[in-house]
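Enquirer: here's a sequence, model it:
(one chain, ligands or ions: 2)
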Amino acid sequence: MRIAAYNLKKTYESGGAAFGHKVRSINDISLKIREGQIVSLVGENGSGKTTLGLILSLLLRPDSGQIFFDVPDWVINRYEIALLKKDLDSMRELGKDYSALNKSKLGLMDIRKKIGVLFQDVASSVDPRQTVYDIIKEPMVVSKYTDEQIHNRMNELKNDVGIDDDILHRYPHELSDGQKQKIGIARALATNPIFLFLDEPTSNLDPINQRIILDILKKINSKTRASMLITTHNIALANYIAGDIMVMFKGETEEKGPTKEVINNPQHPYTKELTSVAARKANYDILYYERPYNSDVKGCVYHRMCPVSFEICGWTIDEVYLDLKKSFGPLDLPNFKLKIEKGKILLYGVNKDQLVKMINLYKNKIRSFYAIKDIKQEDEHLSIELFDYKEVQMHKVGNAEVKCHLFEEDVSTLF
Ligand SMILES: Nc1ncnc2c1ncn2[C@@H]1O[C@H](COP(=O)(O)OP(=O)(O)O)[C@@H](O)[C@H]1O
Ligand SMILES: [Mg+2]
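Expert: Numbering: from 1, shown residues only. Ligands and ions are numbered 1, 2, ... in the order given. Down below sits the predicted model:
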């Protein structure tokens, strides 16, 4: 197995007004990439794609989780059995011997040589005073290639990536976006990596150059069998190049599986949203939504936006409180008051009939109302109790895996 990563987590400390607040960047991500496999990571801005790619490229350390790089399959099998059995001793033991996160500095350098990275903004990730030739050469110099090796490899790269001799002595700012991207790819490939992380490789290119770059990557993949992880917010791109796809939302995997299956028959409500947006838009780009979200969201990270979320999806008392406030506010009831007390929402100035009517009227739009379990009349107020939410797990659906309560076997008993 080229890469096998388990339960990766990473939080950042945020700056600015919310200084010191933890921002969950990725949460409990597991992913395997085989030799020669191309996996695309799709999701809107801020979903954690770059963070995950950098962690798998061993450029960023996760807060927790495990990464195996290019280890025999029996190690992976044993680790997964240990994981299932929660056999912490075996997990630790295998981790000690094989984990990429437990390597010495030298060991880590050895692995990093086998990993090529194309950063999202190629131009700002290279020294603008270096010529194209020197930019591509640098990783080979670091890896102590001889002059002859550099010369030979440079010729191969020019050929594989399609770089003309006459741009080798130019500077990055003199190049077109397509050319810059080729230089970035050649540099990432310089030392013959077996794993490539390509962060939005075509996001600032026109369709013709997008196609050229993707075809170069495909050609390299079939020639070298290098595994690739490609982040994108473009579903058509994922469909064109990647056999497998992983859909992320707010740092979590919502659905993963064979690209064709996931795109043609999406299961997760978020994947359905993405693919229907894509189908309606000619260029198939995922929109960059501003979503109401904070890192403390409970349960399923998508529940607030989900058109089919229900009782147990993660609704908290604050969310229901806000939705009730928004719904009753415009009615201008003279004695209306709302507060949270001892884990319950108390409502003043409305009677139970009015509340039930309101809930039934809006339930299909304001999904948090599904979380209301019980309404009691107590003296001069109503008291609302909620269902408990459940943490959501991955479920196997066809050849894909989907993180959604809808696919639980006993889901029917919930209604
Ligand atoms: N260096 C950083 N410091 C603080 N927060 C970060 C940093 N990098 C990423 N984040 C946060 O982590 C989340 C995921 O970001 P990122 O991995 O860049 O997502 P994507 O590549 O899908 O747009 C976002 O909320 C982002 O603001
Ligand atoms: Mg990114």
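Enquirer: any idea which helix is longest in this protein?
Expert: Longest helix in the chain, counting residues (DSSP state H): helix 207-224.
Enquirer: so which bits of that one are buried?
Expert: Going by neighbour count (16 or more other Cβ atoms under 10 Å), the buried part of helix 207-224 is 209-210, 212-214, 216-217, 220-221. Using the backbone N, CA and C atoms, a C-beta is placed for each residue, glycine as well.
Enquirer: can you tell me which of those is nearest Y145?
Expert: The closest of those to Y145 turns out to be I220 (Cβ to Cβ; 19.1 Å).
Enquirer: list the contacts of the closest one.
Expert: The contact partners of I220, by Cβ atoms under 8 Å, 6 or more residues apart in numbering, come to 160-161, 185, 189, 226.
Enquirer: make it 10 Å
Expert: Listed by Cβ atoms under 10 Å, 6 or more residues apart in numbering, the contact partners of I220 are 116, 157, 160-161, 185, 188-189, 196, 226, 228.
Enquirer: any idea how far ligand 1 is from V308?
Expert: Applying Cβ to the nearest ligand atom, to the nearest Å, one obtains 24 Å for the distance of V308 from ligand 1.
Enquirer: how about the residue positioned nearest the centre of the chain, what does it touch?
Expert: When Cα atoms, centre = their mean is applied to the chain, the residue found nearest the centroid is M248 (3.6 Å). Applying Cβ under 10 Å, 6+ apart, one finds that M248 lies in contact with 26, 29, 41-44, 46-49, 51-52, 231, 254-256, 270, 301.
Enquirer: and if you look at D63?
Expert: Here D63 is in contact with 8-12, 22, 24-27, 55 (Cβ under 10 Å, 6+ apart).
Enquirer: for my notes, confirm I340 occurs in a helix.
Expert: No - applying DSSP: H, G, I helix; E, B strand; the rest coil, one finds I340 to be strand, outside a helix.
Enquirer: pull the number of nearby residues for it.
Expert: By other Cβ atoms under 10 Å, 13 other residues sit near I340.
Enquirer: now H268
Expert: H268 - counted by other Cβ under 10 Å - has 27 other residues nearby.
Enquirer: touching, it and S309? I think so.
Expert: No - taking contacts as Cβ atoms under 10 Å, H268 lies outside contact range of S309: 11.8 Å.
Enquirer: what do these two both touch?
Expert: Common neighbours of H268 and S309 (Cβ under 10 Å, 6+ apart) are 300, 302, 404, 406.
Enquirer: tell me which two of the residues you listed sit farthest apart.
Expert: Across the shared contacts of H268 and S309 (Cβ to Cβ), the longest gap, 11.5 Å, separates Y302 and L406.
Enquirer: who has more neighbours, these two?
Expert: Higher neighbour count among Y302 and L406: Y302, with 25 against 18, using other Cβ under 10 Å.
Enquirer: is S309 part of a helix or strand, or is it coil?
Expert: Relying on three-state DSSP, one would call S309 coil.
Enquirer: in contact with it: list those residues for me.
Expert: 269, 299-300, 302-303, 315, 367-368, 370-371, 404-406.
Enquirer: reformat those as JSON lines; add secondary structure.
Expert: Shown next, in JSON lines, are the contacts of S309 (three-state DSSP):
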{"residue": "P269", "secondary structure": "helix"}
{"residue": "G299", "secondary structure": "coil"}
{"residue": "C300", "secondary structure": "coil"}
{"residue": "Y302", "secondary structure": "coil"}
{"residue": "H303", "secondary structure": "coil"}
{"residue": "W315", "secondary structure": "coil"}
{"residue": "R367", "secondary structure": "helix"}
{"residue": "S368", "secondary structure": "helix"}
{"residue": "Y370", "secondary structure": "helix"}
{"residue": "A371", "secondary structure": "helix"}
{"residue": "C404", "secondary structure": "coil"}
{"residue": "H405", "secondary structure": "helix"}
{"residue": "L406", "secondary structure": "helix"}
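Enquirer: just give me the closest of the buried residues of helix 207-224 to L355.
Expert: Nearest member of the buried residues of helix 207-224 to L355, counting by Cβ to Cβ, is Q210, at 53.1 Å.
Enquirer: from S222, how far out is the closest one?
Expert: Noted for Q210: a distance of 19 Å to S222, by Cβ to Cβ, to the nearest Å.
Enquirer: which helix or strand contains whatever residue of the chain ends up closest to ligand 2?
Expert: Relative to ligand 2, the nearest point of the chain is T50 (3.2 Å; Cβ to the ion). Assessed by DSSP states H and E, T50 sits inside helix 49-56.
Enquirer: V320 and Y389 touch, don't they?
Expert: No - the pair V320 and Y389 fails to qualify as a contact (Cβ under 10 Å) at a distance of 11.2 Å.
Enquirer: mind listing the helices for the stretch 251-400 of the chain?
Expert: 259-264, 269-280, 317-328, 352-362 (DSSP state H, counting those that start in this stretch).
Enquirer: can the second one be found next to ligand 1?
Expert: Right, the one you point to is helix 269-280. No - judged by Cβ under 6 Å from any ligand atom, helix 269-280 and ligand 1 are separated, with a smallest distance of 13.3 Å.
Enquirer: buried sites along that helix?
Expert: Within helix 269-280, the residues scored as buried using 16+ other Cβ under 10 Å are 269-275, 277-278.
Enquirer: which bits of this protein sit near ligand 2?
Expert: Within the chain, the residues that sit near ligand 2 (Cβ under 5 Å from the ion) are 49-50.
Enquirer: so where is the chain shaky, pLDDT-wise?
Expert: For the chain, the stretches with pLDDT under 70 are 15-21, 278-295, 410-415.
Enquirer: which bits of it sit near ligand 1?
Expert: So the chain meets ligand 1 at 12, 14, 23, 25, 43, 45-51 (Cβ under 6 Å from any ligand atom).
Enquirer: isn't E254 up against M394?
Expert: Yes - when contacts are counted by Cβ under 10 Å, E254 is listed as touching M394 (9.5 Å).
Enquirer: what touches both of the two?
Expert: Between them, E254 and M394 share the contacting residues 401-404, judged by Cβ under 10 Å, 6+ apart.
Enquirer: just the buried subset of the residues you listed, please.
Expert: Members of the shared contacts of E254 and M394 classed as buried by 16+ other Cβ under 10 Å are 401-404.
Enquirer: between the residues you listed, which sits nearest ligand 1?
Expert: K403 (16.9 Å; Cβ to the nearest ligand atom).
Enquirer: name all residues that make contact with M109.
Expert: M109 touches 58, 103, 142-143, counting by Cβ under 10 Å, 6+ apart.
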